[in-house]
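[1] Sequence below, structure please.
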Amino acid sequence: MKKILPILTIISFLAAILVPMVVLAQEAPVKCVKLGVDVIWTGGYIYTGTLKNVSTDAEVTCTEAAPCKCNEPTAFAKGCRLIKDNTVGPRVAVEPGTECSQKNKAGNADKAPDYQTPAWGMIGLLAGINTAVNWIFVILIIVVALLVALGAFMIVTAGGAPENLEKGRKYILYALIGLVVALLARAIPSIVSALLGV
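    This next block holds a predicted model:
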């Protein structure tokens, strides 16, 4: 007890001194997002950058003077495709001095974001959801392939044992269920976009 009390006192003292220093020493939040996948955006304006029109697959350059309205029924009937490896952030005209710490497609960091829009956070969220769903899909397809191979192996090597035949059939059934789940997972980004109205 005599040793524990001084140790707790020292730990409390150091925590009281170090915690505020660590909290106050944090960097400012990142003001941009690097797109890991293409994002189809139908939620409003993009003020700078080169994107693709989803309807025509033509490249369109957006400028501050002539922004792209991605929800306009005539020009962008199906929205704008924001191309991966570009950065998305707030408008420099509205927030002067905005720099993006992420490297853009050209490899530049600490420059203005490639795509500038007030809805950059929502675009980043959709890109993150798309990336996560893509990884989940790949992992599920690998699991499905392994289950089919294991089920086929169990059936081929059953040697007339009904329990091994049943195990093999169950593995293949689980693989088919996994395949259905993987295909349904691909719809998650579209569902999220529809629910958010973008």
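[2] What segments of the chain are strands?
    Using DSSP state E, the strands assigned to the chain run over residues 33-34, 39-41, 45-46, 49-53, 59-62, 68-69, 80-82, 87-89, 115-116.
[3] nearest to residue 155, of the ones you listed?
    Closest to residue 155 of the strands of the chain, according to CB to CB: strand 39-41, at 43.0 Å. Every residue, glycine included, has its C-beta placed from N, CA and C.
[4] Partner strands of the closest one and their direction?
    strand 80-82 (antiparallel) (DSSP bridges).
[5] and the partner strand, how far out from the chain's middle?
    Centre-to-centre, strand 80-82 and its host chain are 15 Å apart (CA atoms, centre = their mean, to the nearest Å).
[6] so can I have a markdown table of the strands of the chain showing mean neighbour count?
    As requested, the strands of the chain are arranged in a markdown table below (neighbours: other CB atoms under 10 Å):
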| stretch | mean neighbour count |
| --- | --- |
| strand 33-34 | 22 |
| strand 39-41 | 25 |
| strand 45-46 | 22 |
| strand 49-53 | 20 |
| strand 59-62 | 15 |
| strand 68-69 | 19 |
| strand 80-82 | 25 |
| strand 87-89 | 27 |
| strand 115-116 | 27 |
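[7] Now for this protein, the helix or strand with the poorest mean pLDDT.
    None of the helices or strands of the chain scores lower by mean pLDDT, DSSP states H and E than helix 4-24, at a mean of 72.
[8] what's the closest of the strands of the chain to residue 173?
    strand 39-41 (35.3 Å).
[9] any residues touching that closest one, and which ones?
    With CB atoms under 8 Å, 6 or more residues apart in numbering as the contact definition, strand 39-41 has outside contacts at 54, 70, 78-82, 119, 123, 126-127, 130, 193, 198.
[10] again, 6 Å this time
    With CB atoms under 6 Å, 6 or more residues apart in numbering as the test, strand 39-41 has contacts from 54, 70, 79, 80, 81, 82, 123, 126, 127.
[11] about what we covered before: between the strands of the chain, which one is nearest to residue 142?
    Using CB to CB, these put strand 39-41 closest to residue 142, at 25.4 Å.
[12] Any buried residues in stretch 172-192, and which?
    172, 174, 175, 178, 179, 182, 189 (16 or more other CB atoms under 10 Å).
[13] Contact partners for the second one?
    Under the criterion of CB under 6 Å, 6+ apart, the neighbours of residue 174 are residue 147.
[14] Identify the residue spatially nearest to residue 36, adjacent ones excluded.
    Distance criterion CB to CB, 6 or more residues apart in numbering; nearest residue to residue 36, sequence neighbours excluded, is residue 131 at 4.7 Å.
[15] what about that neighbour, how many neighbours?
    15 (other CB atoms under 10 Å).
[16] Make 6 the starting number, not 1.
    Sure thing, new numbering starts at 6, so read that last one as residue 136.
[17] need the contact list for the residue nearest in space to the middle of the chain.
    Closest to where the C-alpha atoms of the chain average out (CA atoms, centre = their mean) is residue 133, at 1.2 Å. Listed by CB under 6 Å, 6+ apart, the contact set of residue 133 is empty.
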